[in-house]
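> give me the fold of what follows.
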Amino acid sequence: MSSIAHPRQPSPRQYFLNTSISILVSHRDSEDGVAVIDHHAPFGDSPPLHFHRNEDETFVILSGTVRFEVGGKIRVLTASEAIVVPKGVPHSFRVESVDGARFLTATRGPDFEGLVRMAARPADSDALPAPMTVTPEMAEALASLCAANGIDVVGPPLA
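Down below sits the predicted model:
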């Protein structure tokens, strides 16, 4: 690119399961296809153990404490720390701070952003959504959406 890119405005806040998210940069905004998503997650939030087939995933912690399991190894991160999860490596995280956590994810390509866009629902405020219990049917539907977007669910959320 020969000039500064002018990405779209960040998306309005949306709810993605029990988190509040905003797509700050879409993969369509740059030649390299990088997507950056802002997450606000509550205490105890944990996605199922999964891996991305086509993209690395970078997490940058803005506030709070988040415990990661990456390839069977545990690492705890706090504000201003980051971790890169290579594609193909099973991983999950769990928010350990009582007040929740804020973090950014950066991925390359349409897969994770596509999953978020397909599974998110409009937010009615900037606050976290009301907690919801994920039913087996919801987990099955999420696993199908993940698979359609290059992400394979291989285990339960972290306890």
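
> so where do the strands sit in this protein?
Ranges of strands in the chain, per DSSP state E, are 14-16, 19-25, 34-41, 50-52, 57-63, 65-70, 73-78, 82-85, 91-95, 101-108, 121-122, 151-153.

> max-length helix in the protein?
The residue-count maximum for a helix in the chain (DSSP state H) belongs to helix 136-148.

> and it, what does it pack onto?
Where contact means 3 or more C-beta pairs under 8 Å, 6 or more residues apart in numbering; DSSP states H and E, helix 136-148 is packed against helix 111-119, strand 151-153. In this view, the C-beta of every residue, glycine as well, is placed from N, C-alpha and C.

> coming back round to it: kindly reformat the strands of the chain as TSV containing distance to L145.
Listed next are the strands of the chain as TSV, based on distance: least, C-beta to C-beta, whole Å:
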stretch	distance to L145
strand 14-16	11
strand 19-25	15
strand 34-41	16
strand 50-52	12
strand 57-63	16
strand 65-70	22
strand 73-78	27
strand 82-85	19
strand 91-95	17
strand 101-108	16
strand 121-122	13
strand 151-153	8
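
> nearest to L115, of those strands?
When the strands of the chain are compared by C-beta to C-beta, strand 151-153 sits nearest L115, at 6.2 Å.

> now do the residue nearest the centre of the chain, the pLDDT please.
Of all residues in the chain, the one closest to the mean position by C-alpha atoms, centre = their mean is T105, 5.9 Å from it. Looking at T105, its pLDDT reads 98.
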